[in-house]
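[1] sequence first, then the predicted structure:
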Amino acid sequence: MPVGSHSATVRNISQDNDESSMNDSACNIRTPVRILILAPALLAAGCAVGPNYHRPTATTTPMYKENQGWKPANPRQIPADQPWWSIYDDPVLDSLERQVIVNNQTLKQAEAAYRAAQADILIDRGALLPDVSIGATDTHAGAAGGQVKSQSAQLGGRGSGFTTPTYIKYATASVQAQANWTLDIWGKIRREVESDTDRAQASAADVAAALLSAQVSLAEDYFRMRAAEQEMRMYQTYLADLEQSLQITQNQVRAGITTLADVYQAQTLLENTQVAAINVQLTRATYEHAIAALIGKAPEQLSLPEGNFTTTIPVVPVGLPSELLERRPDIAAAERTVAGENALIGVAESAWFPSLTLTGSAGFSSSKIAGLLSASNAAWSFGPQLAETIFNGGSRVGQYRAARANYDQAVASYRQTVLSAFEAVEDDLVTLRVLQQSQDLQVTAVGAARLSENLTLNQYKSGIVSFTSVITAQTTRLESEINLLSIQSQQLVTSVNLVSQTGGGWNASDLQLANRGVPKD
């Protein structure tokens, strides 16, 4: 889907002044007489003031700088019928990821904002049709009228006259229907609906971006948790080796070969390592808690068993830079925001033109309910109302300039989003390339450290070297193994992040469904 196209007519949106921009509008008719004559034709033709939208240009390149001359060790294409995390072949990860869309609260918040944006379309679209109301009344009222004389018998047979007030009663019954229709001659309402539609599509892209962000965060935390588990296993092996070394020093002391100083050194190293191993357990627990929050659960509701740490790093091909404009939801959201702001320029321009409203009513009115609906009690009215503001202290000029400025701001934000996307992809590519080189070297270093440890320990048993050399060799071996694990963990996380930077299989054509479920008039 060409995300940025809403009109067959495409023209550049320039920074013209207010007067020249108004002359560029498609419906530049000012005199009231011509308005009354041409209003029905203009309305039928769908004329709308304001610039027609075209997608802003953005900086792009033919290829990625950091992708030239480098081939990933394990390239994997995301299957068209499967989610992006399927390339890691981890059933536990798959189960967790599928819970994000159901329970993640940040995603629910974004989805609710999208539904609100859809509702805005219905609200503004309703103004395109007449507003019809019906009502009925049955009113009774009274008022003081004239005075009448009356005679009253008095003592002594004499009578005197006095006056008493009279009351007049009224009764009115009516049934009436009223209709008001503001004709959208200049396209103000249609531009508002256009802007609402664009914003709803931007909101739909925000939902996709929120979902992808939550899924990526979960995968990153998951792999970091598995790396922490692997580090715990390394410490367990290392602690077993240290306990063996402690036993050797004790044997050496009993044989009179060395002193208690070696025993204390071995014991100190053992206890310090136990503390470090406990800290790794803390790290593992915090990642598990983070995963629980991402799937909408309290930490106490999620307990993941330990699993294997994969050393296979799949990398998704990034394709061409131009494809990134259609594959990232944040870019699509920024572009749809530009389209929405462009439509609001037309809304601001429509304030320069008069409004035409058709008003009519029909009903029945009588002093009695009986026979109310007879033809003799019928009444109706109909007439157009033309209104034009001739002075408002520059408010319309300010609104128009604000709309232009908001559009320019959205364009700059869109272009910066594109640049930031290219930067992120390039960063991940160079990171993966360098980490692959580092891993090859670190694997060799680990092998050398293990050989050095074995040789040094044998030399210590033979009394050739001091126990300090053993400690140094053992510490170097552990540090080398942890460095290798850190590189592999960072490779996995960067691989996940690269999937995110290239859209995770999302495509801007998905925005065609952004307004699904919104009824049309």
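    In hand now; what should we look at?

[2] quick one: residues contacting residue 358.
    Applying Cβ atoms under 8 Å, 6 or more residues apart in numbering, we find residue 358 in contact with 130, 179-181, 183, 382-385. From N, CA and C alone the C-beta is placed, and that goes for glycine too.

[3] can you rerun that using 7 Å?
    Contact partners of residue 358, counting by Cβ atoms under 7 Å, 6 or more residues apart in numbering, are 181, 183, 384.

[4] also residue 317?
    Contacts of residue 317 (Cβ under 7 Å, 6+ apart): 75, 77.

[5] what helix or strand is the closest residue to residue 234 other than its chain neighbours on?
    Nearest in space to residue 234, with sequence neighbours left out and distances taken as Cβ to Cβ, 6 or more residues apart in numbering, is residue 481 at 5.5 Å. Assigned by DSSP states H and E, residue 481 belongs to helix 467-501.

[6] ok so, going back, just the contacts of residue 358: which are in strands?
    Here DSSP state E is the test, and those give 181, 183, 384 as lying in strands.

[7] of those residues, just the buried ones, PyMOL syntax please.
    Selecting only the buried entries of these in PyMOL, with 16 or more other Cβ atoms under 10 Å as the criterion:
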select buried, resi 181+183
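
[8] from the ones in strands among the contacts of residue 358, pick the one nearest residue 495.
    For the ones in strands among the contacts of residue 358, the closest approach to residue 495 (Cβ to Cβ) belongs to residue 183, at 57.7 Å.

[9] model confidence over stretch 295-311, on average?
    Across stretch 295-311, the average pLDDT comes to 94.

[10] in the protein, which residue is most central in space?
    Taking Cα atoms, centre = their mean as the criterion, residue 206 is the residue nearest the geometric centre of the chain, at 2.3 Å.

[11] OK, contacts around that residue?
    Per Cβ under 7 Å, 6+ apart, neighbours of residue 206: 110, 333.

[12] what about it, distance to residue 228?
    Residue 206 sits 32 Å away from residue 228 when distances are taken as Cβ to Cβ, to the nearest Å.

[13] then residue 307?
    Where residue 228 is concerned, residue 307 sits at a distance of 11 Å (Cβ to Cβ).

[14] these two - which one has more neighbours?
    Higher neighbour count among residue 307 and residue 228: residue 228, with 23 against 15, using other Cβ atoms under 10 Å.

[15] that one contacts residue 287, correct?
    Yes. Contact criterion Cβ atoms under 7 Å: residue 228 and residue 287 qualify, at 6.4 Å.

[16] check the offset of stretch 447-464 from the chain's centre.
    Centre-to-centre, stretch 447-464 and its host chain are 57 Å apart (Cα atoms, centre = their mean, to the nearest Å).

[17] show me where the chain has helices.
    Taking DSSP state H to define them, one finds helices in the chain at 18-24, 32-45, 91-103, 105-126, 188-254, 260-294, 324-327, 329-350, 395-461, 467-501.

[18] any chance of those helices in TSV, plus distance to residue 63?
    Listed next are these as TSV, based on distance: least, Cβ to Cβ, whole Å:
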stretch	distance to residue 63
helix 18-24	39
helix 32-45	46
helix 91-103	31
helix 105-126	33
helix 188-254	24
helix 260-294	35
helix 324-327	12
helix 329-350	18
helix 395-461	11
helix 467-501	16
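
[19] which regions of the stretch 301-450 of the chain lie under the pLDDT threshold?
    Within the stretch 301-450 of the chain, not a single segment meets pLDDT under 70.

[20] check contacts around the closest residue to residue 190 other than its chain neighbours.
    Excluding its sequence neighbours, the residue lying closest to residue 190 (Cβ to Cβ, 6+ apart) is residue 48, at 5.3 Å. Each residue near residue 48 by Cβ under 7 Å, 6+ apart is listed here: 26, 186-187, 190-191, 346.
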